[in-house]
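> what follows is a protein structure lacking sequence information:
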Ligand code: NAP
């Protein structure tokens, strides 16, 4: 794509943790231009450098520092020539705003839960279900624009790690999560509640993991998406880690994998984003660590190459096989692969598939 003709994009909720990852990924994107930033009324009118307490690796991009936070209005976005909105809004604010932008003809890539279970909204992880993107043609026909959702951060990592296991037949998944505090957003938990502690409850999280991973790995047919036929049982806890959700999964398979066969399925896994050479695609979506004490959030959260795909690979380790049962740990970067990074990858795929005009 001609660098002088990059597509104008807006980040909604740009001051939050997911919004900051968007800003980082879009500041030097080869196809997309970071054109507008929005946040809540309390930040409107401030420069981004004043409004955002920068929490992601590296310096705040120079381009973003002086940008003014503007109100989140469909008219303002359209008048500014914005064609893609990346949403990092809380779900309650996202529902109306995202629908309004879609009605204005925009392509909306959202991290909020508001529209995930709508029949015509795909929950897209391009390595797992690129074909689900076809659903947006129905939205374009009825609304003008479209919404593509990301799954919840924990479900993103789980679905990506389950995809290479599909050829074995997935029967049941039992998963326990150890989730970073950043998963609750910038103002999520008080230090008093989480320091030196574990909280075995995250509101709605287990339900989201169970239903969204089945939607992601479901089958697109004429009527919509038929959820994957296996059961998922999740138990989710918050732990005092800054970034990276660690999951302990046991999967009952339809047949017993041969020694090293499951590992080989993870290691060799490639999909549409890799075939298409999308800019934010990790060369290897699933990385297997052989060490007995990996993956660890501190060491492995930024897994993925090339440089702009850091945090986009999930890391699997401690693979154990017992008959048809396969157990492993996996680590997903919750604000990158579990949120902003996948949204940007989704937009790259939509552009390549002709759903957004270049
Ligand atoms: P966050 O750190 O709390 O940031 C929220 C952002 O939304 C801020 O920019 C905030 O602006 C803005 N905002 C709040 N209320 C608003 C309103 N009424 N109208 C317009 N803007 C408003 O949250 P986050 O962790 O980045 O999460 C953002 C979304 O992504 C949520 O829907 C969350 O569920 C989802 N998500 C998060 C993760 C994660 O790991 N954190 C992963 C996957 C999905 P101000 O700074 O002005 O308040």
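Cool, the structure landed. None of the values given here were measured: they were computed from a predicted structure.

> what about the closest residue in space to residue 120 that isn't next to it in sequence, how many residues nearby?
Excluding the flanking residues, the one nearest residue 120 by CB to CB, 6 or more residues apart in numbering is residue 138, at 4.6 Å. Where you see a C-beta, it was placed from the backbone N, CA and C, and this is true even at glycine. If you count neighbours by other CB atoms under 10 Å, residue 138 ends up with 14.

> helix, strand or coil for residue 138?
helix (DSSP: H, G, I helix; E, B strand; the rest coil).

> and the residue in the stretch 51-200 of the chain that the ligand sits nearest to, how many neighbours does it have?
Relative to the ligand, the nearest point of the stretch 51-200 of the chain is residue 185 (2.9 Å; CB to the nearest ligand atom). Neighbour count of residue 185, defined by other CB under 10 Å: 15.

> so the residue nearest to residue 120 touches residue 121, yeah?
No. Between residue 138 and residue 121 no contact is recorded; they are 9.7 Å apart, counting by CB atoms under 8 Å.

> stretch 282-299 near the ligand anywhere?
No. Stretch 282-299 stays clear of the ligand (CB under 6 Å from any ligand atom), getting no nearer than 12.7 Å.

> and stretch 10-27, what's its mean pLDDT?
For stretch 10-27, mean pLDDT rounds to 98.

> that stretch and the ligand, any residue contact?
Yes. Contact of stretch 10-27 with the ligand (CB under 6 Å from any ligand atom) involves 13-19.

> up against the ligand, what does the stretch 101-250 of the chain have?
111-112, 153, 182-183, 185-187.

> which of the residues of stretch 10-27 next to the ligand count as buried?
13-19 (16 or more other CB atoms under 10 Å).

> and of these, the nearest to residue 299?
Closest approach between those and residue 299, by CB to CB: residue 17, at 20.7 Å.

> was I right to think the closest one contacts residue 181?
No. With contact defined as CB under 8 Å, residue 17 does not reach residue 181; the gap is 10.0 Å.

> show me the contacts for residue 57.
Contact analysis of residue 57 by CB atoms under 8 Å, 6 or more residues apart in numbering lists 24, 302.

> relative to residue 15, how far out is the closest residue to residue 65 other than its chain neighbours?
Nearest non-adjacent residue to residue 65, counting by CB to CB, 6+ apart: residue 49, 4.2 Å away. According to CB to CB, to the nearest Å, residue 49 and residue 15 sit 11 Å apart.

> can you check residue 307 too?
25 Å.

> what number of residues lie near residue 41?
With other CB under 10 Å as criterion, residue 41 counts 9.

> ok, now how distant is residue 235 from the ligand?
18 Å (CB to the nearest ligand atom, to the nearest Å).

> quick one: contacts for that residue?
Residues near residue 235 by CB under 8 Å, 6+ apart: 175-177, 200, 206.

> just the buried ones from the residues of the stretch 101-250 of the chain next to the ligand?
111-112, 153, 182-183.

> for residue 341, which non-adjacent residue is spatially closest?
In space, residue 341 is closest to residue 312, 5.0 Å off (CB to CB, 6+ apart).

> you'd agree the one you found is in a strand?
No. Counting by three-state DSSP, residue 312 falls outside a strand, being coil.

> residues in contact with the residue in the chain that the ligand sits nearest to?
Of all residues in the chain, residue 16 sits closest to the ligand, at 1.9 Å by CB to the nearest ligand atom. Residue 16 makes contacts with 39, 88, 185-186, as judged by CB under 8 Å, 6+ apart.

> likewise residue 51?
Going by CB under 8 Å, 6+ apart, residue 51 touches 15, 39, 43, 69.

> can you check residue 164 too?
Per CB under 8 Å, 6+ apart, neighbours of residue 164: 265-266, 268-269, 286.

> residue 342 and residue 176, how far apart?
Residue 342 is 23 Å from residue 176, by CB to CB.

> do the same with residue 235
Distance from residue 235 to residue 176, counting by CB to CB: 5 Å.

> over to residue 242?
Distance, residue 242 to residue 176, by CB to CB: 20 Å.

> swap in residue 92?
Distance from residue 92 to residue 176, by CB to CB: 29 Å.
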